[in-house]
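> structural data only, the sequence is not supplied:
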């Protein structure tokens, strides 16, 4: 429900260029903007800074939250491809599923997806010092989850697709279901999550429950019991592929 401090913007079939101009103008006047009748407009929330918030009703288009630098976006529906592309900070919450390549080259912030995700989610994620990006997916993932992952955290509660973590050389993936051994490539290790890992995992599970409590028939188990941690076997798991 919109408050007096919330500005409403109806997008309908407005072209994405004009739609983004409308959104930026609304954000200049209000810290919280509610977008109604969103029909696949691209780049919504691009580079949005800390203190600004979008509430999206409909289906935002590709590259939502790209380069976002601290704002927050909540989508009451599904999201398309490449949400959080090169995202630097902030939070994205999707009350549905998302498409391919969510969190592409993501370097900060958090993305929570209630249901499934497409292919190549978390591709080339990275982290630096205190910036540790995280993606939490409540359903199944398509192929190439965590491809070339260099840092950050991915949490998957459903089933992983083919080519899991191909080229992964940093970060960690927490999996509620132990992947088939054939999906775990050379250079990676998959072990039951330890206490150090649980300290990282549990706050993300708690946040997932908090965001989606009204959507779920029952909350997920926040203890992290039964999760597996997938990570590189060393800091240079593929060194021998490129040098003697």
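Okay, I see it. These figures come from a predicted structure and were not determined experimentally.
> report all helices and strands that the top helix by length along the chain contacts.
The longest helix of the chain (DSSP state H) is helix 195-212. Applying 3 or more Cβ pairs under 8 Å, 6 or more residues apart in numbering; DSSP states H and E, we find helix 195-212 packed against strand 110-113, strand 134-137, strand 150-156, strand 170-175. Where you see a C-beta, it was placed from the backbone N, CA and C, and this is true even at glycine.
> swap the cut-off to 6 Å and go again
strand 134-137 (3 or more Cβ pairs under 6 Å, 6 or more residues apart in numbering; DSSP states H and E).
> so where do the helices sit in this protein?
Going by DSSP H, the chain shows helices at 16-29, 195-212, 239-242.
> would you map the strands across the chain?
For the chain, the strands defined by DSSP state E cover 6-12, 32-39, 53-59, 69-76, 89-94, 110-113, 134-137, 150-156, 170-175, 188-192, 228-232.
> next up, the contacts around the residue nearest to the spatial centre of the chain.
For the chain, the residue nearest the mean C-alpha position is residue 111 (3.1 Å; Cα atoms, centre = their mean). Under the criterion of Cβ atoms under 6 Å, 6 or more residues apart in numbering, the neighbours of residue 111 are 84, 92, 103, 135.
> got a PyMOL select line for the buried ones in the residues you listed?
The PyMOL command for the buried members of the contacts of residue 111 (criterion: 16 or more other Cβ atoms under 10 Å) is given here:
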select buried, resi 84+92+103+135
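> which one among the contacts of residue 111 gets closest to residue 14?
The nearest member of those to residue 14, counting by Cβ to Cβ, is residue 92 at 21.9 Å.
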